[in-house]
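*Asks:* Sequence and predicted model, in that order:
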Amino acid sequence: MVVVAEGLDRLFEALRRREFTVVGPTVRDGAIVYDELESAADLPTGWTDEQDGGHYRLERRDDEAVFGYVVGPHSWKRYLHPPFLRLWRAEKRDDGFQVARDEAPRKPYAFLGVRSCELHAIAIQDRVFLEGEHVDPIYRERRENAFIVAVNCGQAGGTCFCVSMNTGPKASQGFDLALTEVLEDGRHYFVVESGSDRGAELLAELGGSEATEVELTAAEVAVKNAVGQMGRSLETEGLKELLYRNYEHPRWDQVAERCLACTNCTMVCPTCFCSSVEDVSDLDGEGAERWRTWDSCFSGEFSYIHGGNVRQTVKSRYRQWMTHKLATWYDQFGSSGCVGCGRCITWCPVAIDITEEAAAIRLDDRPSEQ
Amino acid sequence: MVPHPFRVERVQRETADTFTLTLEPAAAGIEIRYRPGQFNMLYLFGVGEVPISVSGDAASPVPLLHTVRVAGAVTRGICELGRGGTVGVRGPYGTPWPVEQAEGSDLLVIAGGIGLAPLRSVVYHLMAHREKYGRVAILYGTRSPDDLLYRSEVEQWRGRFDLDVDVTVDHAGLNWHGRVGVVTTLIQQAQFDPDNTVAMVCGPEIMMRFCVRELEDQGVDLGDIHISMERNMKCAVGFCGHCQFGPEFICKDGPVFSYQRIADLLDVREV
Ligand SMILES: Cc1cc2nc3c(=O)[nH]c(=O)nc-3n(C[C@H](O)[C@H](O)[C@H](O)COP(=O)(O)OP(=O)(O)OC[C@H]3O[C@@H](n4cnc5c(N)ncnc54)[C@H](O)[C@@H]3O)c2cc1C
Ligand code: SF4
Ligand code: SF4
C-alpha cells in the first residue's frame, strides 16, 4: 500500500484508538531520541544525523523527510528493559514480611520508527529474557503486546554496518507494519507493508492506495542506496573462533590505553542487557523495595566477589565486552550479540571502534597456547 | 523471582564467623526441593540478596539448611538475625553435583574451608546410597583448626568404616594433633582408582586449581573432576549478566562444572 505523508496523522489516530502509548523518535537536546509522542508533529521531520567515531551531530535536511536520520543514543530497550525499575515492594508484618510485585496495568506500547537492526536487537533480547529456562515477567508484559511500526532505512549512517551483520537495512520480520519513505519528483509518500493480521487491519484504516510498480521500485531503490552507504564493515567469518583463540592478544592492552571505562558503549547498545539490583528500605524500616538498574561490564564492581573484583583491568573489561558481543553470545544465545547499529562507535568519547578492533585482531591472529 | 519469607528456627555457630541457619517456610505450601550443589538467593530485608549453597540433606528439603560465612553487610545481617528472624529465599538455582553419574565409581569429595557446605549435601546423599559407590574419600582442609566446619559431624563420618575421612589444616597450634599441610597432600594419600574416580572439589579457586593439578597427576580424567565456581550474582537466572565466565553463566550453566568444560577459561586471567 502507499500512504501519503499526511497518513502518519491517521497512523497516530489509529494507534491511539487501540489504546497504545506511541513511542517514537523526536528531537531533544541536539539528538534524535525515543520518547512518548503526541502526534506526527513530534517526529524529527527535516532532520538528519551525521555520525562517525565519537561524533554525532544533527543537521537540517533540504527536504521534509520524516525518517531521514539513522539511529540515536536511545534504543527500544529503554521501554522493554527499562534503565531503572522497581521490581517489587515488601512490607513488614508480624510473621515476617510480605512481598508484592508491581503489577499496575499499563497501556501497551506502539513503537514507531523501528529500524531493521533494532528489530534484530529486540529479537536478541527476546532470546535473553523470554526464550531461556527463565522468563522475565517485566520484559514479557512490555514486549507481548507491543505494536511495531518498522522503518526501512533509505540512508545509512557513518558508523552503520548492518549489512555485515545481516540485520538490515530492510526489515524482514518482527514488525506489524513496515514503512519505506520515498521523496521523489516532488512527491512524498510511504510504501507500507504489513507483517501481521493486526498490522493489516490497521493499514486498512490509513486511507492508502494500492502501490504501483513505480512506487514499489522507488522504495526498493531507497533501501538499495542505504546498502551502498554503510560507514563501517565487519568480517564475521570465523569471528567467534578468532576471538576465542585471542584472549591474550596485545591489542587488548592497546585498546585499554584509550578506553575510559565510561560505560557509554554498553548503555547505548540495543542488545546489552546487564543489570544490577539495589535494595532499599523506608526510613521507618517497615517497607523495602528492590530496584533494577542497567549495569555495565565496564564498571569495576560489576565483577566484585569477596576479596576483590575479578576484572580489575580495563583491558579485561573491554575484552569481556567485545568477546561477549562477537563470540560468547553465539554460544549463549545462538546468534551474534551485535547487530551493527554503530551506536557504540558513535557514542564512545574516544572513538573506539568495535569493527576496527576486530579487524586488528584478525590481521594479527595470535592463537594463545593452551 | 520474588523471595519467599522463611523463618529462622535455629542458628548453629560453626566457627567464629560461620553459622548454619535452619529455615522453615513462613507460609504453607512453599517447599524448595533441591539437589546437592544447588544454591538459593537469601534476602535480608531492605539490605540485599546473596547466593548461598544449600548445605542440608536434599532428601528432606524441609527444613532448609544454609551455612553462611560473614563476608559483608548481607551475610553479617543474616547471621545476626537469630531465632524467629525472617529471611527471604528464592531458588533453587544452578547445576547440581553429578551424584547419579558418579554411581559405580570411587568418589573423592574434596573441600576447602566453607567449600564443605555445598559438599555436605553430597555426603548425605552418598551415605544414604552408600552401596552405589566404590571407595569414598572425604578430604577436607582449612586454614586453621578454628575454621573447621561441622566438627562433630565430621568426627561421626570419620567413625564410619565405609568412608575415608581425612582432615588437614594449613597452620595449627600445639593442641592440634591432626595433619598439617595443604589439602592436595591428602589426595596423594587417598585410596582410589584413577581410571574410575569422580572427584567433586569446592573451595577457593586457587585451592581447586591445585587439587585439579594433583588429581591430573594421579591420572584422573579432567572430565571426571567437577568444581563449583563463584562469581558475582544479582539475579541467579541468567538475566543480570554479572556471573559470566566466557560463554558460561555461572548461575545457570554452573556453579558446578566439569573441569574439562572450563579448563581453558581458567587458564586466562580476569575472564
Ligand atoms: C553459587 C554460590 C554459592 C555460594 N555459597 C555460599 C555458601 O554456602 N556460604 C557462604 O557463606 N557463602 C557462599 N557464597 C558466597 C556468598 O555469596 C558471598 O559471601 C556473599 O555474596 C557476600 O555478600 P555480602 O553482602 O555479605 O558481602 P560483601 O563483600 O559486602 O559483598 C557485596 C556484594 O557483592 C557480591 N558478592 C560478594 N562476594 C560474593 C561471592 N563470593 N559470590 C557472589 N557474589 C558476591 C554480592 O552481591 C554482595 O551482596 C556463594 C557464592 C556463590 C556464587
Ligand atoms: S555492539 Fe555496537 S554496533 Fe553492535 S549492536 Fe551494540 S552498539 Fe550496535
Ligand atoms: S569503549 Fe568507549 S564507550 Fe565503551 S567504555 Fe571504553 S571509552 Fe567508554
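*Replies:* Everything's here; your move. Numbering: from 1, shown residues only, chains lettered A, B, ... in the order given. Ligands and ions are numbered 1, 2, ... in the order given.
*Asks:* Run through the residues of the stretch 1-150 of chain B sitting next to ligand 1.
*Replies:* Residues of the stretch 1-150 of chain B that fall close to ligand 1, judged by C-beta under 6 Å from any ligand atom: B:39, B:48, B:50-53, B:67-69, B:71-75, B:114, B:117-118. C-beta here means a position set from N, CA and C on the backbone, and glycine is covered the same way.
*Asks:* And for residue 186, the neighbour number?
*Replies:* Going with chain A. Counted with other C-beta atoms under 10 Å in any protein chain shown, residues neighbouring A:G186 total 5.
*Asks:* ah, no, chain B please
*Replies:* 24.
*Asks:* With A:R232 instead?
*Replies:* Other residues near A:R232 come to 23 when the count uses other C-beta under 10 Å.
*Asks:* mind listing what residue 230 touches?
*Replies:* The chain I'm using is chain A. A:A156, A:C160, A:F161, A:C162, A:V163, A:S164 (C-beta atoms under 8 Å, 6 or more residues apart in numbering or on different chains).
*Asks:* meant chain B, my bad for not saying
*Replies:* Neighbouring residues of B:E230 by C-beta under 8 Å, 6+ apart: A:I305, B:E205, B:I250, B:P255.
*Asks:* gap between the second one and ligand 1?
*Replies:* It stands for B:E205. Going from B:E205 to ligand 1 by C-beta to the nearest ligand atom, to the nearest Å gives 10 Å.
*Asks:* Enumerate the helices of the chain by residue range, in sequence order.
*Replies:* The chain I'm using is chain A. Per DSSP state H, chain A carries helices over the ranges A:7-17, A:77-80, A:116-129, A:137-144, A:162-165, A:197-203, A:213-227, A:239-244, A:251-258, A:264-268, A:314-323, A:329-333, A:343-346, A:354-363.
*Asks:* please go with chain B instead
*Replies:* Under DSSP H, chain B gives helices at B:73-80, B:116-128, B:151-159, B:184-189, B:205-217, B:259-266.
*Asks:* re the thing from before, hey, which of the helices of chain A is tucked in deepest?
*Replies:* helix A:343-346 (a mean of 28; mean count of other C-beta atoms under 10 Å in any protein chain shown).
*Asks:* Does ligand 2 have contacts with that one?
*Replies:* Yes - using C-beta under 6 Å from any ligand atom, helix A:343-346 reaches ligand 2 at A:R343, A:C344.
*Asks:* contacting residues for whichever residue of the stretch 1-150 of chain B sits closest to chain A?
*Replies:* Here the residue of the stretch 1-150 of chain B nearest chain A is B:G46; by C-beta to the nearest C-beta that distance is 2.8 Å. The contact partners of B:G46, taken as C-beta under 8 Å, 6+ apart, are A:A90, A:D279, A:V280, A:S281, A:D282, A:G285, A:A288.
*Asks:* any idea how far it lies from B:I30?
*Replies:* According to C-beta to C-beta, to the nearest Å, B:G46 and B:I30 sit 21 Å apart.
*Asks:* before we move on, what about A:H81?
*Replies:* 29 Å.
*Asks:* Please apply the same query to A:I32.
*Replies:* A:I32 sits 49 Å away from B:I30, going by C-beta to C-beta.
*Asks:* circling back: so which of A:H81 and B:I30 has more stuff around it?
*Replies:* Per other C-beta under 10 Å, whichever of A:H81 and B:I30 has more neighbours is A:H81, with 25 against 13.
*Asks:* is any part of stretch A:352-370 close to ligand 2?
*Replies:* Yes - Stretch A:352-370 reaches ligand 2 (C-beta under 6 Å from any ligand atom) through A:I354.
*Asks:* Pull up the residues of chain A that are close to ligand 1.
*Replies:* Counting by C-beta under 6 Å from any ligand atom, chain A sits next to ligand 1 at A:Y304, A:I305, A:H306.
*Asks:* So what's the residue count around the first one?
*Replies:* Which is A:Y304. 16.
*Asks:* same check, this time on the second one
*Replies:* A:I305 is surrounded by 15 other residues when neighbours are defined as other C-beta under 10 Å.
*Asks:* Hmm, it is touching B:R231, no?
*Replies:* Yes - A:I305 lies in contact with B:R231 (C-beta atoms under 8 Å); the separation is 6.3 Å.
*Asks:* biggest strand in chain B, by residue count?
*Replies:* Across chain B, the strand with the greatest residue count (assigned by DSSP state E) is strand B:4-15.
*Asks:* what packs against that one?
*Replies:* Applying 3 or more C-beta pairs under 8 Å, 6 or more residues apart in numbering or on different chains; DSSP states H and E, we find strand B:4-15 packed against strand A:96-101, strand B:18-25, strand B:64-69, strand B:86-93.
*Asks:* Partner strands of the second one, with direction?
*Replies:* So that's strand B:18-25. strand B:4-15 (antiparallel), strand B:64-69 (antiparallel) (DSSP bridges).
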